[in-house]
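A.B. asks: any chance you can model this:
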Amino acid sequence: MQNIAYADELSAILNRRDGCEAVVLKTTRFHALATQFSEVAGTTFKVIVIIGHGNDKGMQFTEDAFLPYEAVAKWVIAFSPKHLVLISCKGGGFNPSQIFFDSIKSVKSIFGSPCNSTKLQHQLQKVIIPTLIIQNKIGNNLLLCLQAGNFLLTGGLIFYQRRNEFRKHPFKSIALDISAQVLDALRTNRTI
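C.D. replies: Model prediction:
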């Protein structure tokens, strides 16, 4: 309803790849979403893309339900993903990343914005998602170029959290999160 639901666009890009099948679950009512999840139960996915409204506490996928990240993780854990891509405001911050890494042991990396964001700022995901599916990773040089280009063109920030680094250097992740909030406040001319 607010032009952020571009799962069909991502699905079309992915389904053009040999050996790749994208499954899209979308609805405006929570009960229908629960039914759709049950229909794909038992399937594993290398990459799960989660699209919705978000803040540092959780996400809203339907007009009638807001879920804390712990609840989102419980829904996703059954699919054993290696990579999570969060297309939402604040989905890539420290708190959501910590919850997903603690809850879903199969997750090796998380991509998402630590700030408020727009659809335009998430265009970088159209490169990241196919790369993760094809190569099962994304190189640091490519990622840095994409992140820099995304920031220069849209003002958007996308974090790439790797489980091992996140665990070894939690204060670095916290510092990056705080820095992103300050940068976002400066960019949008508001106070934190």
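A.B. asks: list the contacts of the residue nearest the centre of the chain.
C.D. replies: In the chain, the C-alpha nearest the mean C-alpha coordinate belongs to residue 86, at 1.2 Å (Cα atoms, centre = their mean). With contacts defined as Cβ atoms under 8 Å, 6 or more residues apart in numbering, residue 86 is in contact with 50, 54, 59, 92, 96, 110, 111, 112, 113. Every C-beta, even on glycine, is put in place using the N, C-alpha and C of the backbone.
A.B. asks: in strands, which of the residues you listed appear?
C.D. replies: Among the contacts of residue 86, the subset assigned to strands under DSSP state E consists of 50, 54, 59, 110, 111, 112.
A.B. asks: and which of those residues is nearest residue 122?
C.D. replies: Each of those was scored against residue 122 by Cβ to Cβ, and residue 112 proved nearest at 9.1 Å.
A.B. asks: so what's that closest one bridging to?
C.D. replies: On the basis of DSSP bridges, residue 112 takes part in beta bridges with residue 86, residue 159.
A.B. asks: low pLDDT regions in this protein?
C.D. replies: 1-5, 190-192 (pLDDT under 70).
A.B. asks: residues contacting stretch 65-82, please?
C.D. replies: By Cβ under 8 Å, 6+ apart, the residues outside stretch 65-82 that reach it are 30, 37, 40-48, 50, 57-61, 84, 95-96, 99-100, 103-104, 106-109, 136.
A.B. asks: in strands, which of those residues appear?
C.D. replies: Filtering the contacts of stretch 65-82 for membership in strands, criterion DSSP E, returns 47, 48, 50, 58, 59, 60, 61, 84, 109.
A.B. asks: mind picking the two most distant members of the residues you listed?
C.D. replies: Within the ones in strands among the contacts of stretch 65-82, two members stand farthest from each other by Cβ to Cβ: 60 and 109, at 23.8 Å.
A.B. asks: neighbour count: those two, which is higher?
C.D. replies: More crowded of residue 60 and residue 109, by other Cβ atoms under 10 Å: residue 109, with 24 against 15.
A.B. asks: state the number of residues packed around the residue nearest to residue 151 when sequence neighbours are not counted.
C.D. replies: On the basis of Cβ to Cβ, 6 or more residues apart in numbering, the spatially nearest residue to residue 151 that is not a chain neighbour turns out to be residue 157, at 6.3 Å. Around residue 157 there are 24 other residues, counting by other Cβ under 10 Å.
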